[in-house]
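1. coords please:
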Amino acid sequence: MTREESPAQTLETWSPQHAVDRALWSEYVSFAQNADHAFRELSVEQHLTSSAFVFDAELENILLCFHGKGRFWVQFGGHIETSDASLAAAAQREGLEESGLTELTPLLSTPVDLDRHSLSQSFGTCRVHWDVGYAFTADRAASLQVSDESESVAWWPLGGLPEGCVQGLAERIDRVVDTVRKHRSDHVEGRSH
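-> Okay, the predicted model is just below:
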């Protein structure tokens, strides 16, 4: 597959909405400019990853997986493959693979979340993930399937996330939903003029 846009290009042209993401943005741009950091097979200890925040159409529920190695509830995501056309394509592929869904609809073409985090020894040689998150919607009635990396996949109301979520997930989800709603609002206002 031909790469549509390099991770560095994606990050350089994006303007994060939230201060938390803006604080990390320049470090991400610098990190992504070293192409080796995009792929696990080239940079063993730390690399970019891409993740999918999967919501229902009303943005009232989120689909999460219980990660086997991490022992926590988290959004779908993982390593970028050399065949992925972009960070967004990697996020979508990971979301589909880890949920068993056959369709994910992107909510935005740009990232919605940055989260750099250290990993425990249970993750092998990986020590730091520089995650770039994207937002999608899915049909809540669609069948789900647990992947080899997870022990469970389930929908959760945004106001009732399960115990045992990865640290900071609730705040990240709030920022993602805020970003999507602001984009929708701006889009509607722009069309009404």
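2. For residue 73, list the residues it contacts.
-> 64, 65, 66, 67, 156, 161, 162, 164, 165, 166, 169 (CB atoms under 8 Å, 6 or more residues apart in numbering). For every residue, glycine as well, the C-beta is placed using N, CA and C.
3. What subset of those is buried?
-> Those of the contacts of residue 73 that meet the buried threshold are 64, 65, 66, 67, 165, 166, 169, by 16 or more other CB atoms under 10 Å.
4. Inside strands: which ones of the residues you listed?
-> The members of these that map onto strands under DSSP state E are 64, 65, 66, 67.
5. Now the third one: closest residue in space that isn't a chain neighbour?
-> Nearest in space to residue 66, with sequence neighbours left out and distances taken as CB to CB, 6 or more residues apart in numbering, is residue 152 at 4.2 Å.
6. Quickly find the element holding the one you found.
-> For residue 152, the enclosing helix or strand under DSSP states H and E is strand 150-157.
7. residues making contact with that strand?
-> 56, 60-68, 73, 98-100, 140, 144-147, 162.
8. which parts of the biggest helix by length in the chain are buried?
-> Across the chain, the longest stretch assigned as helix under DSSP state H is helix 169-192. Buried residues in helix 169-192, counted by 16+ other CB under 10 Å: 169, 172, 173, 175, 176, 177, 179, 180, 183.
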